[in-house]
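> Here's my sequence, what's the structure:
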Amino acid sequence: MSNRGDDGNERGEIFLGGGPMIPGVDYEAAWLEARAAAIDLNAALVRLGLAGEDLIKAQAGWSDDGRGVVFLKGTPSGARRLRVILDRMAARADIDADGGPRKPAES
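Predicted coordinates:
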């Protein structure tokens, strides 16, 4: 896997590595899954006006046991803006945990 360090790729995304690598653990598959999730999350952050290194950025990595992880990195002002957006979404309470529309409760 060539993109494990703090280097950018052709899309300008930055991906973080994880902890020490244990021989025999498949970090690449987990990292690739985390990378795909980070790319999707960064696209959503763009739509929310939160994209960029000076606001909020999702970055892929891996845990010591080989699981993929996605980190959020950003400025305090970006974190505050994200909190406001999430608070408003929670107040609307019309989405489920997967981001889809919440089904009305049956009476």
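
> While we're on residue 85, how confident is the model there?
Note for residue 85: predicted pLDDT of 91.

> Now for the nearest residue to it once chain neighbours are set aside, how many residues are close by?
Sequence neighbours aside, residue 48 is the residue nearest to residue 85 in space, at 5.9 Å (criterion: Cβ to Cβ, 6 or more residues apart in numbering). Every C-beta, even on glycine, is put in place using the N, C-alpha and C of the backbone. Residue 48 has 12 neighbours, counted by other Cβ atoms under 10 Å.

> And residue 40, by the same measure?
Residue 40 has 12 neighbouring residues, counting by other Cβ under 10 Å.

> What's the separation between the residue nearest to residue 85 and residue 59?
Using Cβ to Cβ, to the nearest Å, residue 48 is found at 17 Å from residue 59.

> just residue 73 next, same as before
6 Å.

> Looking at these two, which one has more neighbours?
The residue with more neighbours, out of residue 73 and residue 59, is residue 59; 20 against 14, by other Cβ under 10 Å.

> Tell me what the more buried one is bridged to.
residue 71 (DSSP bridges).

> hmm, back to that, and the pLDDT at the residue nearest to residue 85?
Residue 48 carries a pLDDT value of 90.

> same question, the one 3 residues further on
At residue 51 the predicted local distance difference test score is 81.

> Go ahead and confirm it touches residue 45.
Yes - counting by Cβ atoms under 8 Å, residue 51 does reach residue 45; the two are 4.7 Å apart.

> which neighbours do the two share?
By Cβ atoms under 8 Å, 6 or more residues apart in numbering, residue 51 and residue 45 have these common neighbours: residue 57.

> Which residue of the two possesses the greater neighbour count?
Legend: neighbour count by other Cβ under 10 Å for residue 51 and residue 45, higher for residue 45 (21 against 18).

> Which element, helix or strand, includes the more buried one?
According to DSSP states H and E, residue 45 maps onto helix 27-47.

> and that helix, what other elements does it pack with?
Packing contacts for helix 27-47, counted by 3 or more Cβ pairs under 8 Å, 6 or more residues apart in numbering; DSSP states H and E, involve strand 56-62, strand 68-74.
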